[in-house]
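A.B. asks: return a 3D structure for these sequence lines:
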Amino acid sequence: MEALPKSQLLRFVEQAMHLARRAVARYSSKFSKRRYTLHQHIVLLCLKVRKNTTYRMLLDELIEMPRIRSALNLEELPSPSTLCKAFNRLDMAVWRVLLNLSVTLLPTNGVVGIDASGFDRSHASKHYTKRTKLTIQQLKVTLLVDTRSNAIIDIHVTTTRKHDSQIAPSLIKRNTSDVAILLGDKGYDDQKIRALAHEEDVRPVIKHREFSSLHRAWNARLDADLYGQRSQSETVNSRLKRKYSAFVRSRYWWKQFRELVVCCLTHNIDKTL
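C.D. replies: This next block holds a predicted model:
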């Protein structure tokens, strides 16, 4: 009998499991109950984000997915509270390692765009918030996106109104080995950013705010084709919101930050399929 072809979902699970095995040990400690592995927890948490669902709904769907359970080596399904506790225990450092590893699976070219977007911290409808005059504070999410594969190289999240020019330096310093050319809009027009980029052997292609004819002349000299690739960052921001949700479900800021990193990891795994 001919074997059934693998679905995208099954290939996603296998790729996520491959990354999890590279990133962490099988169990968190020698005193672990060893009922479920860290690898299984990581893949299930990524699967929850990919399907844009709740813990309870994900586990309910997995009852009817024998091939996915087999790929995860799950003889019995965990409870929703088990997955919730696993998400609380897995440090941000683990998710960042997984994100870095996921980038190595994609063909990058070193031409990287930087762009920020807002994610709601509540899933209240826009109609409801407008009618009740309720203000929902947004998370400011800044992404470094490779323009060749649309891989998300790094992410910075803040609850404050920190200016783009204050966020970019830390992202540049963390990713000098992955960035050869940095593309940014006028929000990143800052001499300190340009100086830092040159120090780290990164070529900044950033538009100037036009306060004089000199600034307009500098902008006119920009490589239009190269700078045009910056739109890939906006495309990825839009894709995250359309495919995985424009809001975070968690209540606490530290869990919201993790949720967004898992979202970026899920995006990168999806791009490998």
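
A.B. asks: where along this protein do the helices fall?
C.D. replies: 8-23, 38-50, 55-62, 66-71, 80-89, 92-103, 126-131, 164-174, 191-199, 213-220, 224-228, 231-239, 253-272 (DSSP state H).

A.B. asks: turn those into JSON lines, including distance to residue 205.
C.D. replies: C-betas here are computed from N, CA, C, even on glycine. Rendered in JSON lines, the data for those read as follows (distance: least, CB to CB, whole Å):
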{"stretch": "helix 8-23", "distance to residue 205": "31"}
{"stretch": "helix 38-50", "distance to residue 205": "32"}
{"stretch": "helix 55-62", "distance to residue 205": "42"}
{"stretch": "helix 66-71", "distance to residue 205": "42"}
{"stretch": "helix 80-89", "distance to residue 205": "38"}
{"stretch": "helix 92-103", "distance to residue 205": "21"}
{"stretch": "helix 126-131", "distance to residue 205": "35"}
{"stretch": "helix 164-174", "distance to residue 205": "13"}
{"stretch": "helix 191-199", "distance to residue 205": "10"}
{"stretch": "helix 213-220", "distance to residue 205": "11"}
{"stretch": "helix 224-228", "distance to residue 205": "5"}
{"stretch": "helix 231-239", "distance to residue 205": "13"}
{"stretch": "helix 253-272", "distance to residue 205": "23"}
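
A.B. asks: and those, which one is worst for confidence?
C.D. replies: Ranked by mean pLDDT, those end with helix 126-131 at the bottom, a mean of 58.

A.B. asks: one step back: among the helices of the chain, which is nearest residue 206?
C.D. replies: helix 191-199 (6.8 Å; CB to CB).

A.B. asks: may I see the buried residues of the closest one?
C.D. replies: Within helix 191-199, the residues that qualify as buried are 193-194, 196-197, counting by 16 or more other CB atoms under 10 Å.

A.B. asks: can you list contacts of that helix?
C.D. replies: 165, 168-169, 172-173, 182, 184, 203-204, 206 (CB atoms under 8 Å, 6 or more residues apart in numbering).

A.B. asks: tell me the spacing between the nearest residue to residue 226 once chain neighbours are set aside and residue 112.
C.D. replies: In this structure, residue 226 finds its nearest non-sequential neighbour in residue 205, 5.8 Å apart by CB to CB, 6 or more residues apart in numbering. In this view, residue 205 and residue 112 are 10 Å apart by CB to CB, to the nearest Å.

A.B. asks: neighbour count: the two, which is higher?
C.D. replies: It is residue 112, of residue 205 and residue 112, that has more neighbours when counted by other CB atoms under 10 Å, with 30 against 18.

A.B. asks: quickly list what that one is bridged to.
C.D. replies: residue 146, residue 182 (DSSP bridges).

A.B. asks: contacts only, for it.
C.D. replies: 144-147, 153, 175, 178-183.

A.B. asks: what's the most buried one of the helices of the chain?
C.D. replies: helix 38-50 (a mean of 23; mean count of other CB atoms under 10 Å).

A.B. asks: list the helices and strands it packs on?
C.D. replies: helix 8-23, helix 55-62, helix 80-89, helix 253-272 (3 or more CB pairs under 8 Å, 6 or more residues apart in numbering; DSSP states H and E).

A.B. asks: same list, those, but as JSON lines with distance to residue 237 please.
C.D. replies: Formatted as JSON lines, the helices and strands packed on helix 38-50 follow (distance: least, CB to CB, whole Å):
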{"stretch": "helix 8-23", "distance to residue 237": "21"}
{"stretch": "helix 55-62", "distance to residue 237": "25"}
{"stretch": "helix 80-89", "distance to residue 237": "24"}
{"stretch": "helix 253-272", "distance to residue 237": "10"}
